[in-house]
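**Student:** sequence below, structure please.
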Amino acid sequence: MFTLHKTDSSTKARLGTLKTDHGEIPTPIFMPVGTVGSVKAVNQTDLTEKVNAKIILGNTYHLYLRPGNPIIKEAGGLHKFMSWNGPILTDSGGYQIFSLSEMRDLNENGAVFKSHLDGSEHLFTPENVVETQRILGSDIMMILDECPPYPAEYDYVKNSMELTHRWAKRGREAFLNTKPLYGHSQMQFGIVQGGTYEDLRIASSEFMSSLDFEGLAIGGLSVGEPSDLMYEVTDYNTDHLPAEKPRYLMGVGTPSNLLNCIALGVDMFDCVMPTRNARNGMIFTRHGKINLRNAKWKNHHQPFDEDFPSELCTQYSMSYMHHLFKSNEILGLELASKHNLTFYLWLMEQAREKIKNDEFNDWYKEMADQTDQKI
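**Tutor:** I've put the predicted structure just below:
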């Protein structure tokens, strides 16, 4: 159940709460990505106590292939399997199948694909993707969709969108005709497609809204299009989504992307960027992006930002962090990953506070510009 508390007076930014049986999720919110049941380099206790994560994301494609439905079901669902008591959203695997362009075939029935692990052949249909997510027991499940590439011709995107619509109808029927397995309720979100074509995006928004999903996602963005085009599509997309439903922009993005899209009326985000970049030595801060491998930090014997609430900032010097990354020490990956996720969740908390106090418009542009700077 989603409650919209307030809309910013100068932008489309929204303050809300999404209630699940595993806890309430304040929005706007960022979801750390735990693709295979693990947020890389961050354990579940730290996700709760240090990162302050309110919800995490898992992936149906990867979990279906390994460890597989039987093991997850024996464990009592993904929450018990990974010892995570908070809410979980599971993506359907549509994007992963899209990325296997040389190893998959789409047809009316579903998506036939070969496993990236061993080459074995599998079939995802709108119905069995719901079945798998019932077994996973996620609080929020996504429908099976096709994510068209960018750029793509109008006719291709239109046909792809219409296939996603037919799959969405079947997926919704499968959801409504089945029940959760573990005693807690589940929600299902539809996914709006249509590439970068305004008329298709509007048509897809209206179709997905008509199926009365518990929430709606904007899919098919952050696939190579420039940021300005992503903002343009997001802007007219949110104009055609129901105000009373949560809005989830899939796979986005940088801190600046998040702030700009909050201003356009988006409530939920996920992206591998904070953890992936951390493992490569890049951290995000209030003042800009930092490459911890850069020689400029070799003799910097103080934390970068002692007032920011992450171990990397309050406890360890930049010289030490530089040393960890130059030495390929695992601790560096852990500290940087926790820091970046803490920063993303802190940014969402700040955004909520600014929306609440009608200060968002004065704050977000400056913060977006600052976080884009390289230090």
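**Student:** going forward, measure contacts between C-alpha atoms and count neighbours the same way
**Tutor:** Noted.
**Student:** contacting residues for Y320?
**Tutor:** Residues counted as contacts of Y320 (CA atoms under 8 Å, 6 or more residues apart in numbering) are K298, H301.
**Student:** please apply the same query to V223.
**Tutor:** In this structure, V223 makes contact with P149, Y150, judged by CA under 8 Å, 6+ apart.
**Student:** which secondary structure element of this structure has the lowest mean pLDDT?
**Tutor:** Each helix and strand of the chain was given a mean pLDDT (mean pLDDT, DSSP states H and E); the minimum falls on helix 94-99 at a mean of 78.
**Student:** mind giving me the packing neighbours of it?
**Tutor:** On a contact count with 3 or more CA pairs under 8 Å, 6 or more residues apart in numbering; DSSP states H and E, helix 94-99 meets helix 60-65.
**Student:** can you give me the buried ones in the helix or strand that the helix it packs on is followed by?
**Tutor:** On the C-terminal side of helix 60-65, the closest following helix or strand by DSSP states H and E is helix 69-75. By 16 or more other CA atoms under 10 Å, the buried positions in helix 69-75 come out as N69, I71, I72, K73.
**Student:** ok, so of the residues you listed, who is nearest A203?
**Tutor:** N69 (35.0 Å; CA to CA).
**Student:** ok, the closest one to K298 distance?
**Tutor:** From N69 across to K298, the span is 48 Å (CA to CA, to the nearest Å).
**Student:** and this structure, split by domain according to the record?
**Tutor:** Per automatic domain parsing, the domain ranges recorded for the chain read 2-272, 278-372.
**Student:** so which residues of the stretch 51-200 of the chain form strands?
**Tutor:** 56-59, 88-91, 104-106, 111-114, 121-124, 140-142, 187-192 (DSSP state E, counting those that start in this stretch).
**Student:** so which of the ones you listed gets nearest K338?
**Tutor:** strand 56-59 (13.9 Å).
**Student:** R201: what secondary structure?
**Tutor:** helix (DSSP: H, G, I helix; E, B strand; the rest coil).
**Student:** identify the residues contacting it.
**Tutor:** Applying CA under 8 Å, 6+ apart, the residues near R201 are V192, Q193, G194, G195, V233, N237.
**Student:** same deal with T7?
**Tutor:** A13, R14, L15, I355.
**Student:** how about the backbone phi and psi for it?
**Tutor:** Main-chain torsions, T7, degrees, to the nearest 10: phi -120, psi 130.
**Student:** can you name the residues bridging to it?
**Tutor:** R14 (DSSP bridges).
**Student:** how far away is it from R172?
**Tutor:** 29 Å.
**Student:** and for K374, the neighbour number?
**Tutor:** 11 (other CA atoms under 10 Å).
**Student:** so where's the stretch 251-375 of the chain shaky on pLDDT?
**Tutor:** Along the stretch 251-375 of the chain, no part satisfies pLDDT under 70.
**Student:** show me the helices in it, by range?
**Tutor:** Using DSSP state H, counting those that start in this stretch, the helices of the stretch 251-375 of the chain run over 255-263, 273-279, 311-314, 318-326, 330-356, 360-372.
**Student:** can you put those helices in a markdown table and add distance to D212?
**Tutor:** Below are the helices of the stretch 251-375 of the chain laid out as a markdown table (distance: least, CA to CA, whole Å):
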| stretch | distance to D212 |
| --- | --- |
| helix 255-263 | 23 |
| helix 273-279 | 31 |
| helix 311-314 | 43 |
| helix 318-326 | 48 |
| helix 330-356 | 27 |
| helix 360-372 | 30 |
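**Student:** out of these, deepest packed?
**Tutor:** Sort the helices of the stretch 251-375 of the chain by mean neighbour count, taking mean count of other CA atoms under 10 Å, and helix 255-263 sits at the top with a mean of 24.
**Student:** residues touching that one, excluding its own?
**Tutor:** Counting by CA under 8 Å, 6+ apart, 11-14, 28, 227, 231, 234, 252, 269, 344, 347, 351, 361, 364-365, 367-369, 371-372 sit against helix 255-263.
**Student:** now do it against helix 330-356, angle only.
**Tutor:** Counting by axes from the mean of the first three to the mean of the last three CA atoms, to 10 degrees, helix 255-263 lies at 30 degrees to helix 330-356.
**Student:** angle of helix 255-263 against helix 360-372?
**Tutor:** Using the same axes, to 10 degrees, helix 255-263 lies at 160 degrees relative to helix 360-372.
**Student:** what separates the residue nearest in space to the middle of the chain from A53, distance-wise?
**Tutor:** The residue lying closest to the centre of the chain (CA atoms, centre = their mean) is D270, at 1.7 Å. Applying CA to CA, the value for D270 to A53 is 12 Å.
**Student:** identify the contacts common to these two.
**Tutor:** The contact sets of D270 and A53 overlap at M31, P32 (CA under 8 Å, 6+ apart).
**Student:** so who does L47 touch?
**Tutor:** L47 makes contact with A53, K338 under the criterion CA under 8 Å, 6+ apart.
**Student:** run the last query once more with 10 Å
**Tutor:** P32, V39, A53, K54, I55, I56, W84, K338, L341, T342 (CA atoms under 10 Å, 6 or more residues apart in numbering).
**Student:** run a quick neighbour tally on H184.
**Tutor:** H184: 13 surrounding residues under other CA under 10 Å.
**Student:** distance of the residue lying closest to it once chain neighbours are set aside relative to N85?
**Tutor:** Among residues not flanking H184 along the chain, D21 sits closest, at 6.0 Å (CA to CA, 6 or more residues apart in numbering). Going from D21 to N85 by CA to CA gives 10 Å.
**Student:** equivalent analysis for D8, please.
**Tutor:** Distance, D8 to N85, by CA to CA: 32 Å.
**Student:** pick out whichever of those two has more residues nearby.
**Tutor:** More crowded of D8 and N85, by other CA under 10 Å: D8, with 19 against 14.
**Student:** can you pull the pLDDT of that one?
**Tutor:** Here, the pLDDT recorded for D8 equals 97.
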